[in-house]
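Chemist: Mind looking at a prediction? Sequence and model below.
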Amino acid sequence: MNDPPRLLDAGASAAERELLNAWRATQPSPQARARARGLAGGVVGAVGVAVVAASASKTAGVAGASSMAPTVAIGAGGLAKWAVGAALVALAGVGAAVGYLEATTPTPAPLVVAVSPSPRVVEATAVVATSAPAPREAPPPTFGAPTPQATGEHGSSPHRARPAATELSRELESLEHVRQALATPDATLALSRLDSHDASFPKGALREEASVLRVHALFASGKGAEGHRAAAAFLARYPSSPHAGRIRALGSTAAP
Amino acid sequence: MFADPIEIEIGAGLAATDAPPAGSARAPTTLSHDDAARFRALVDGQFDFIWRFLRGLGVSEAGIDDAAQHVFMVTAQRIAHITLGSERSFLLSTARGVAANARRAQARRREVSDDDALDVHADPSENPEERASKMEARARLDEFLEELPEEMRAVFVLFELEGVTMAAIAQLLAIPPGTVASRLRRAREAFHEAAVLFGERVGGAP
């Protein structure tokens, strides 16, 4: 098939050219790319989440759903346990995204040291998280300022990092710590870290993901009424979120 | 409110033709390292293209990032079932379904599209008039794409805006080459008319 020349290459009028050129500046934000890359890192969880959403909305197959991941040890009640576990793995993708941001940030000294040194390692950690909750004694993260590790060995020029990528890296790392806390038997630790996270990133790019974690943390800590309120608020604010189905499914199965 | 059905269920947008069987999305799957690596390569290589394609199909600025996430979540679900070499076709097919869902949701919410031109990235060297002019052009381009029938819109976006060859478009959209040519011709006619109106509005030559 012989292609005709593109309009921009031949024959476009001035007005046509102006319209077509307007398309050239259309690009996704770095945050959107990072989110997708995070999804790649947590792809196991993405699959699990989708299954939970579909199962919860279509069937009453709680026993079947639970048997798919019998090792998840948090949450309160059949499908809710599995859903929380799946969400944890999904959000583990943020760790991978941290690695991605560092890899794509054109500076030798990223501000944040990744939770794990590579996306592949993070991915392995995510899988383990469903069967072996992280130890509770994991040190709480400090947010709002670079850690010594972050600026020490490699920190000769942290300010050369692209601000947007650096901020997002810190935000991703913060959420990764929340996720780790959610994998412990005490979900209140996750709530406490979420409070710190919200204070550190009041206008963060990942507020939506933080809200998802909060809903899960509330249900997992037995605060059903608050969980339902948070879920309703989430759905009102993000009605077309990719996480909306999961939030609805969790809300429909969790105790009030 | 929790009894409501999922508004945009994962995979629900796959009305388009070459999606794998719906049942395959229901089984929990742990991706092999190979599949995970393949998926990451798809994200790295195709995310921007799919994001722009969704935008070209009329997904609003407010919903574009979620829509792109949907496409790649569906792809993650089904990566093991996607034939090697047909990944891009799968992505486009999924994107068309997701875009259709997103557009219906937009219509329900009666979103205003005032912000839809805002994803024209600011160039620091531009003066405010140049930037306003670009935003105006972008808004008119969106308007044109919005009014174009979906089947012509996909061909126009892929050929004129994304530089995909006609043979590749025929393969990606699973339509005969002659259909690609006729849709492109009709889309160009509509584009020419839209450009004339745009030229008259901004006072330039058509």
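Modeler: Noted; the coordinates are in hand. Every value quoted in this text rests on a predicted model; they were computed, and no experiment measured them. Numbering: from 1, shown residues only, chains lettered A, B, ... in the order given.

Chemist: only C-alpha atoms for contact and neighbour calcs from this point on.
Modeler: Noted.

Chemist: Span of stretch B:70-84 from start to end?
Modeler: With CA to CA, to the nearest Å as the measure, stretch B:70-84 spans 21 Å from end to end.

Chemist: Which residues belonging to that stretch are considered buried?
Modeler: By neighbour count on 16 or more other CA atoms under 10 Å in any protein chain shown, the buried set for stretch B:70-84 is B:His70, B:Val71, B:Phe72, B:Met73, B:Val74, B:Thr75, B:Ala76, B:Gln77, B:Arg78, B:Ile79, B:Ala80, B:Ile82.

Chemist: Repeat that for stretch A:213-230.
Modeler: Those buried within stretch A:213-230 under the rule 16+ other CA under 10 Å are A:213-224, A:227-228, A:230.

Chemist: Go through those and name the one nearest B:Ser89.
Modeler: Checking the buried residues of stretch A:213-230 against B:Ser89 by CA to CA gives A:Leu213 as the nearest, at 33.7 Å.

Chemist: Next one, pLDDT for the closest one please.
Modeler: On pLDDT, A:Leu213 comes in at 88.

Chemist: could you list every residue that touches it?
Modeler: With contact taken as CA atoms under 8 Å, 6 or more residues apart in numbering or on different chains, A:Leu213 is in contact with A:Val178, A:Arg179.

Chemist: quick one, phi/psi of it?
Modeler: Main-chain dihedrals, A:Leu213, degrees, to the nearest 10: phi -60, psi -40.

Chemist: any idea of the mean pLDDT for the longest helix belonging to chain A?
Modeler: Identified as the longest helix of chain A according to DSSP state H is helix A:163-182. Helix A:163-182 comes out with an average pLDDT of 75.

Chemist: got the buried residues for that helix?
Modeler: Buried residues in helix A:163-182, counting neighbours by 16+ other CA under 10 Å, are found at A:165-182.

Chemist: Out of the buried residues of stretch A:213-230, list just those in helices.
Modeler: Residues of these located in helices (DSSP H): A:Leu213, A:Arg214, A:Val215, A:His216, A:Ala217, A:Leu218, A:Phe219, A:Ala220, A:Gly224, A:Gly227, A:His228, A:Ala230.

Chemist: separation between the third one and B:Ala107?
Modeler: When you say that, I think you mean A:Val215. A:Val215 is 29 Å from B:Ala107, where distance means CA to CA.

Chemist: how about the residue positioned nearest the centre of chain B, what does it touch?
Modeler: Residue closest to the average C-alpha location in chain B (CA atoms, centre = their mean): B:Leu54, at 1.9 Å. With contact taken as CA under 8 Å, 6+ apart, B:Leu54 is in contact with B:Ile64, B:Ala67, B:Ala68, B:Ala95, B:Arg96, B:Ala99.

Chemist: Most neighbours among these, which one?
Modeler: Highest neighbour count within those: B:Ala68, with 29 neighbours (other CA atoms under 10 Å in any protein chain shown).

Chemist: doesn't B:Phe53 make contact with it?
Modeler: No. Using CA atoms under 8 Å, B:Ala68 makes no contact with B:Phe53, being 9.6 Å away.

Chemist: Next, show the common contact partners of those two.
Modeler: Contacts common to B:Ala68 and B:Phe53, judged by CA under 8 Å, 6+ apart, are B:Ala95.

Chemist: Just the C-alphas of stretch A:219-237, formatted as CSV.
Modeler: Presented in CSV, the C-alpha positions along stretch A:219-237 are these (Å, rounded to 0.1, in the frame of the first residue of the first chain):
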residue,chain,number,x,y,z
PHE,A,219,-11.0,-1.9,57.2
ALA,A,220,-7.9,-3.9,58.2
SER,A,221,-7.8,-2.2,61.6
GLY,A,222,-11.4,-3.0,62.3
LYS,A,223,-12.6,0.6,61.8
GLY,A,224,-15.4,-0.4,59.5
ALA,A,225,-17.5,2.7,59.8
GLU,A,226,-14.6,5.0,59.1
GLY,A,227,-13.6,2.7,56.3
HIS,A,228,-17.0,3.0,54.6
ARG,A,229,-16.9,6.8,55.0
ALA,A,230,-13.4,6.9,53.5
ALA,A,231,-14.5,4.6,50.7
ALA,A,232,-17.5,6.8,49.9
ALA,A,233,-15.4,9.9,49.9
PHE,A,234,-12.9,8.2,47.6
LEU,A,235,-15.6,7.2,45.2
ALA,A,236,-17.1,10.6,45.2
ARG,A,237,-13.7,12.2,44.5
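
Chemist: average model confidence for that stretch?
Modeler: Regarding stretch A:219-237, the rounded mean pLDDT is 89.

Chemist: Determine which two of the contacts of B:Leu54 are furthest apart.
Modeler: Maximum pairwise distance in the contacts of B:Leu54, criterion CA to CA, is 12.7 Å, between B:Ile64 and B:Arg96.

Chemist: what separates the residue nearest to the centre of chain B from A:His243, distance-wise?
Modeler: Between B:Leu54 and A:His243 the distance is 19 Å, computed by CA to CA.

Chemist: do B:Leu91 as well
Modeler: Distance of B:Leu91 to A:His243, given as CA to CA: 20 Å.

Chemist: do A:Gln31 as well
Modeler: Separation of A:Gln31 from A:His243 (CA to CA): 17 Å.

Chemist: neighbour-wise, which of these two wins?
Modeler: Remark: of A:Gln31 and A:His243, A:His243 carries more neighbours, 25 against 18, as counted by other CA under 10 Å.

Chemist: In contact with that one: list those residues for me.
Modeler: By CA under 8 Å, 6+ apart, the contact list for A:His243 reads A:Val212.

Chemist: Mind pulling the model confidence for B:Met1?
Modeler: Reading off the confidence values, B:Met1 has pLDDT 34.

Chemist: Quick check: nearest residue in space to A:Arg193, chain neighbours excluded?
Modeler: Here the nearest residue to A:Arg193 in space, its sequence neighbours aside, is A:Val178; by CA to CA, 6 or more residues apart in numbering or on different chains that works out to 5.8 Å.

Chemist: Just confirm the one you found contacts A:Asp195, I think it does.
Modeler: No. If you go by CA under 8 Å, A:Val178 and A:Asp195 don't touch, sitting 9.9 Å apart.

Chemist: where does chain B dip in pLDDT?
Modeler: The model of chain B has pLDDT under 70 over residues B:1-31, B:108-126, B:203-206.

Chemist: can we see that at 80?
Modeler: Along chain B, segments meeting pLDDT under 80 span B:1-33, B:105-131, B:201-206.

Chemist: could you pull out the strands for it?
Modeler: With DSSP state E, there are no strands along chain B.

Chemist: For it, just list every one of the helices.
Modeler: Shown for chain B, the helices assigned by DSSP H span residues B:33-56, B:64-78, B:87-109, B:128-147, B:150-156, B:166-173, B:177-202.

Chemist: Would you mind finding the most buried of the ones you listed?
Modeler: helix B:64-78 (a mean of 25; mean count of other CA atoms under 10 Å in any protein chain shown).

Chemist: Establish whether it and chain A are in contact.
Modeler: Yes. For helix B:64-78, a contact with chain A is found by CA under 8 Å from any CA of the partner chain, at B:Asp65, B:Asp66, B:Ala67, B:Gln69, B:His70, B:Phe72, B:Met73, B:Ala76, B:Gln77.
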